[in-house]
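> The following comprises the amino acid sequence and a computationally predicted model.
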Amino acid sequence: MRPKIKTCIEGLDEQMTGGIPQGHVVLISGMPGTMKSTVAYNILFNNAKKENKKGLYISLEQGRDSLVDHMAGLGMAHSEVDTQVNIVDMAYLRLNMDGEASDQQSWIDIFKMYADTLKQNFDYDILIIDSLPVLEILAKMNNRREDLFYFFGWLRELDVTTFIVAEASDDPTHINEEDFLADGIIRLKKERQGYDISRQIVIDKMRGTKHNTGYFTLMHNGKEFQLSRVFGV
């Protein structure tokens, strides 16, 4: 069997017979406020801390300092994994790169250059891309299905496990091109319960492993994620 990469969310890996098959390209999809980036960073942080796996987080919009501060407030201090986790702040590059230089080289080429160079020099096991909508804008994708097909193929050739933060539609029947192309989809959503709002998570798709398709309530206690079953869904 192919080795597995753990989500490091207590109870979730058991729903996939141990985790996500190594080498997969997986979407972490949801509406704003569903903690997509936090779930992604949690995978990177805990695999570095507990499994000694190297990770690369490419942030296309949120600044590095903002990301590090936010995650530290959730019990994931970057200083604990700074030799294992590399954060590339492409938002900073976009703001500070000379206009002429950026015109001469496409942003998707710059993205690939960083990912390839760090793979050679740092040899990371897990890649986080945050987020797909921003990448699409920077790449100026004209034929979305075809462009994403080749991009996902390039990601698989990197020989890493990739998690892509993606925005979900508020229409539950809507299916995006990337849903077909991805090896796995982990969806997050918010549900109102009286005056409170709970976050829920479901493994919508995961090739190469048996997985539960039920909804679970996803909670964060300030240090780690916790899971409980949603009954009647």
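Nice, thanks for sending it over. Numbering: from 1, shown residues only.

> Only C-alpha atoms from now on, for both contacts and neighbour counts.
Will do.

> going on from the helix or strand of the chain with the lowest mean pLDDT, what's the next piece of helix or strand?
Counting by mean pLDDT, DSSP states H and E, the weakest-scoring helix or strand in the chain turns out to be helix 99-104, with a mean of 50. Counting by DSSP states H and E, the next helix or strand C-terminal to helix 99-104 is helix 107-122.

> Name the next helix or strand following that next one along the chain.
Of the helices and strands lying after helix 107-122 in sequence (DSSP H and E), the nearest is strand 126-130.

> got the angle between that following strand and helix 107-122?
150 degrees (axes from the mean of the first three to the mean of the last three CA atoms, to 10 degrees).

> following the helix or strand where residue 41 lies, which helix or strand comes up?
Secondary structure assignment for residue 41, by DSSP H and E: helix 36-51. Moving toward the C-terminus from helix 36-51, the next helix or strand (DSSP H and E) is strand 55-59.

> buried sites along the helix or strand encompassing residue 197?
Taking DSSP H and E as the criterion, residue 197 maps to strand 196-206. For strand 196-206, the buried set under the neighbour-count rule, 16 or more other CA atoms under 10 Å, comprises 199-206.

> Relative to residue 14, how far out is the closest residue in space to residue 168 that isn't next to it in sequence?
In space, and not counting its chain neighbours, residue 168 is closest to residue 30: 4.6 Å by CA to CA, 6 or more residues apart in numbering. Distance, residue 30 to residue 14, by CA to CA, to the nearest Å: 22 Å.

> Okay, and the beta partners of residue 166?
Partner residues in beta bridges with residue 166: residue 29, with DSSP bridges as the criterion.
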